[in-house]
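Visitor: turn this into a model:
(chains A and B)
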There are 2 protein chains.
Amino acid sequence: MNIDVDALVAGERRALARAITLIESGRPQDRERARALIATLPERPALRIGLSGTPGVGKSTFIEAFGLMLIEQGHRVAVLAVDPSSARSGGSILGDKTRMEQLSRAPEAFIRPSPSQSALGGVARRTREAIRLCEAAGYDIVLVETVGVGQSETMVADMTDLFLLLLAPAGGDELQGVKRGIMEVADLLLINKADGDLRTTAIRTVADYAGALRLLRKRGQDPEGWPKALPVSATEGNGLAEAWGQMQQLAQWRKDQGILDSQRRAQALGWFTQELEAGLLQRFRADPSVASKLPQLQANVTDGTLTPDAAADLALDLFLDAPNRP
Amino acid sequence: MNIDVDALVAGERRALARAITLIESGRPQDRERARALIATLPERPALRIGLSGTPGVGKSTFIEAFGLMLIEQGHRVAVLAVDPSSARSGGSILGDKTRMEQLSRAPEAFIRPSPSQSALGGVARRTREAIRLCEAAGYDIVLVETVGVGQSETMVADMTDLFLLLLAPAGGDELQGVKRGIMEVADLLLINKADGDLRTTAIRTVADYAGALRLLRKRGQDPEGWPKALPVSATEGNGLAEAWGQMQQLAQWRKDQGILDSQRRAQALGWFTQELEAGLLQRFRADPSVASKLPQLQANVTDGTLTPDAAADLALDLFLDAPNRP
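Guide: Residues are numbered from 1 along each chain as shown, chains lettered A, B, ... in the order given. This next block holds a predicted model:
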């Protein structure tokens, strides 16, 4: 598979799609090529926006309406999906582009479904690299969509500049349903379906969440009044411009304060540590002398002839003193 | 520091105390000696009971009364404390033995305060080894006490056969205050202070928790009707014999089903994996070539000249190809 870097940098979607397929590959030689490709790409940082919301809240409709609005304003928009559950469910989000029919037809948009990978670590690396590729292809806004499953929201928050949480209008008691962890990473809560019969409920829900946000926390790196809650209607388009105005305002403030840059540096260091720990374990398990002796050590631990501590040391000695390591 | 193994196995508390001090030591030569000591000890497995409860619920009073009752029945009882917060707070539980005055004076009891160590991993290893030492010294019941801080309850549940949760009498709304994770590891919920004015509330609380337990889960490896909730009064001694009877019944059932053994084998394998991962990282960080180059790699990641992925690979190559590794 040959990647045409010039075509990619010129913004050709076909070249970008092929490059993402390359970085998604699990084959070692593809990994080498992916790394070499990324090293040659120009730096063209976009605004990276994370978005989460439970199924049924209207994520696709929101992304379609929001993306089309951004394109109309002259932006180029890439949409990536992170769905750690897709390996099991067969791809529940962005499985096909029919969910965002108009947006996917727009030449200024690029939509990429979630790959069917099971390991969260693999999904994280793939998504970080896909963001880089989209930026190099000239997309100045990258939306990373996720479902509220396990650690995926924290993972997406760790690779984006802003984080949106899309919520449904709800009574006061249901507010508890939002996981505390996600409230702590969200910059902007958007209460969707603020239209028709649900409009009044949505407005009340905004007020409820705004109150909860005030109680919940005060992040040092937020300006006064943030995080915020706003009503939107993805189907009627209400509130989208206002929401985008707020996002731009927060992004500009963080840029002026140097927070956007320091946040990205901290994210890169965090990824480095993650890659280190995962790589260390991977090389350990792939070591031939470890692989051949580990079952015996585990049996010794199980039957009590070795303590876990002593067995671990023996395994580490096997790994680190192995003379034939490649 | 010399450990008299014969005295330890004969049950002399002074020898046991010195042995625990040895395993708590962070010095490498002490670690070697601790490992050698543990390898020579006879296997005399006790019933290991984990116990958790928030401050103020009466844990010390309960342990004192429960421990004295067990001693009266002919048992020898060791009490260990796990308090990961003690490094910060200066030792909040079992800081002195005045909390359990009678029990600490009984020759059939051994009480050991929590050491001031910060790393949860270190606390876990120390406690697992201390349990082994207490068993070798002939204590047939080992109580491991913890406060409900962070991961400490799961950690204690991972090294014991039964897990008790001590709770205060409370109104229905306060039931939510118990973390879901702890409810999932507890075998027996003991509602303390079932005496005087609080007796009625305690009885009602037992019913509330019993209802919640029925809703919450059905563990495959529990007999019908477990986990249970019971009222106790540590100050008056009510319910202690009944609670102990229930514990013995569950332990016997698990023993007969082979669950107690398979649980211990699974625990040992889990510790082995933990020790492996922690040891791998420790050796990585201690490697001289890694230590000297890591700051430069981190700087490269931060300024974008290396991707986290590529930098991690370089660091791993440094570690695994280093010719002078000891």
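Visitor: only C-alpha atoms for contact and neighbour calcs from this point on.
Guide: Fine.
Visitor: how many residues are close by the residue of the stretch 1-150 of chain A found nearest chain B?
Guide: When distances are taken as C-alpha to the nearest C-alpha, the stretch 1-150 of chain A reaches nearest to chain B at residue A:35, 7.1 Å away. Residues near residue A:35, counting by other C-alpha atoms under 10 Å in any protein chain shown, number 18.
Visitor: that one touches residue B:313, doesn't it?
Guide: No - Residue A:35 is not in contact with residue B:313 according to C-alpha atoms under 8 Å; the separation is 10.9 Å.
Visitor: if we can go back for a sec, how about the residue of the stretch 1-150 of chain A closest to chain B, what does it touch?
Guide: residue B:310 (C-alpha atoms under 8 Å, 6 or more residues apart in numbering or on different chains).
Visitor: what helix or strand is it on?
Guide: Taking DSSP states H and E as the definition, one finds residue A:35 inside helix A:28-40.
Visitor: please apply the same query to residue A:283.
Guide: Short version, using DSSP H and E: residue A:283 is in helix A:259-286.
Visitor: can you list the residues of chain A near chain B?
Guide: A:35, A:39, A:265-266, A:268-269, A:271-273, A:275-277, A:279-281, A:298, A:301-303, A:306-313, A:315-316, A:320 (C-alpha under 8 Å from any C-alpha of the partner chain).
Visitor: by mean pLDDT, which helix or strand of chain A comes out lowest?
Guide: In chain A, no helix or strand scores lower on mean pLDDT, DSSP states H and E than helix A:86-89, which sits at a mean of 44.
Visitor: go through the following helix or strand past the helix holding residue A:283 and flag the buried ones.
Guide: Later in the chain than helix A:259-286, the nearest helix or strand by DSSP H and E is helix A:288-302. Across helix A:288-302, burial judged by 16 or more other C-alpha atoms under 10 Å in any protein chain shown covers A:288-290, A:294, A:297-298, A:300-302.
Visitor: and the angle from helix A:288-302 to helix A:259-286?
Guide: Calculated by axes from the mean of the first three to the mean of the last three C-alpha atoms, to 10 degrees, helix A:288-302 forms an angle of 80 degrees with helix A:259-286.
Visitor: just the mean pLDDT for helix A:288-302, thanks.
Guide: Helix A:288-302 carries an average pLDDT of 94.
Visitor: now the helix or strand where residue A:212 lies: buried residues?
Guide: Under the criterion of DSSP H and E, residue A:212 resides in helix A:199-216. Buried residues in helix A:199-216, defined by neighbour count with 16+ other C-alpha under 10 Å: A:199, A:201-206, A:208-210, A:213.
Visitor: report the buried residues of the host helix or strand of residue A:244.
Guide: Using DSSP H and E, residue A:244 falls within helix A:240-256. For helix A:240-256, the neighbour count (16+ other C-alpha under 10 Å) marks A:240, A:243, A:247, A:250-251, A:254 as buried.
Visitor: in a markdown table, list those along with pLDDT and distance to residue B:4.
Guide: Shown next, in a markdown table, are the buried residues of helix A:240-256 (pLDDT from 0 to 100; distance: C-alpha to C-alpha, whole Å):
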| residue | pLDDT | distance to residue B:4 |
| --- | --- | --- |
| A:240 | 97 | 75 |
| A:243 | 98 | 72 |
| A:247 | 97 | 69 |
| A:250 | 95 | 66 |
| A:251 | 95 | 66 |
| A:254 | 93 | 63 |
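Visitor: of these, which is the nearest to chain B?
Guide: For those, the residue nearest chain B by C-alpha to the nearest C-alpha is residue A:254; the value is 18.1 Å.
Visitor: find the nearest non-adjacent residue to the closest one, please.
Guide: residue A:260 (5.3 Å; C-alpha to C-alpha, 6 or more residues apart in numbering or on different chains).
Visitor: and that neighbour, how far is that from residue A:19?
Guide: To residue A:19, residue A:260 is 27 Å away according to C-alpha to C-alpha, to the nearest Å.
Visitor: ok, and the closest non-adjacent residue to residue A:213?
Guide: residue A:227 (7.0 Å).
Visitor: residues contacting the one you found?
Guide: A:186-189, A:213.
Visitor: with residue A:19 instead?
Guide: A:3, A:34, A:133.
Visitor: one more time with 10 Å
Guide: Shown in contact with residue A:19 (C-alpha atoms under 10 Å, 6 or more residues apart in numbering or on different chains): A:1-5, A:8, A:13, A:34, A:37-38, A:129-130, A:133-134.
Visitor: with residue A:233 instead?
Guide: Counting by C-alpha under 10 Å, 6+ apart, residue A:233 has contacts A:58, A:61-62, A:65, A:190-196, A:199, A:202, A:239-240.
Visitor: same check, this time on residue A:200
Guide: Residues near residue A:200 by C-alpha under 10 Å, 6+ apart: A:169, A:194, A:206.
Visitor: then residue A:102?
Guide: A:64-65, A:67-68, A:109.
Visitor: name the element it belongs to?
Guide: Going by DSSP H and E, residue A:102 is in helix A:101-105.
Visitor: what residues sit buried inside that helix?
Guide: A:103-104.
Visitor: now the helix or strand that that helix is followed by: mean pLDDT?
Guide: As assigned by DSSP H and E, the chain's next helix or strand after helix A:101-105 is strand A:109-112. Taken as a whole, strand A:109-112 has a mean pLDDT of 94.
Visitor: so what touches strand A:109-112?
Guide: Under C-alpha under 10 Å, 6+ apart, the answer for strand A:109-112 is A:11-14, A:16-17, A:20, A:67-68, A:70-71, A:75-82, A:94-97, A:100, A:102-105, A:130, A:134, A:139, A:141-144.
Visitor: partners of it, with directions?
Guide: Applying DSSP bridges to the sheet, strand A:109-112 is found paired with strand A:77-82 (parallel).
Visitor: off-centre distance for the helix holding residue A:212?
Guide: Here helix A:199-216 is found 26 Å from its chain centre; the criterion is C-alpha atoms, centre = their mean, to the nearest Å.
Visitor: next secondary structure after that helix?
Guide: strand A:228-231.
Visitor: ok, and what's touching that next one?
Guide: Residues from elsewhere that reach strand A:228-231 (C-alpha under 10 Å, 6+ apart): A:164-169, A:186-195, A:199, A:202-211, A:213-214, A:238-240, A:242-243, A:246.
Visitor: mind running it again at 6 Å?
Guide: Contacting residues not belonging to strand A:228-231 are listed as A:188-191, A:194, A:206, A:210 [C-alpha atoms under 6 Å, 6 or more residues apart in numbering or on different chains].
Visitor: ok, now stretch A:75-82?
Guide: Contact with stretch A:75-82 is made by A:108-114, A:139-146, as judged by C-alpha under 6 Å, 6+ apart.
Visitor: select from these the one having the most neighbours.
Guide: residue A:145 (28 neighbours).
Visitor: which ones are touching that one?
Guide: Applying C-alpha under 6 Å, 6+ apart, the residues contacting residue A:145 are A:51-52, A:81.
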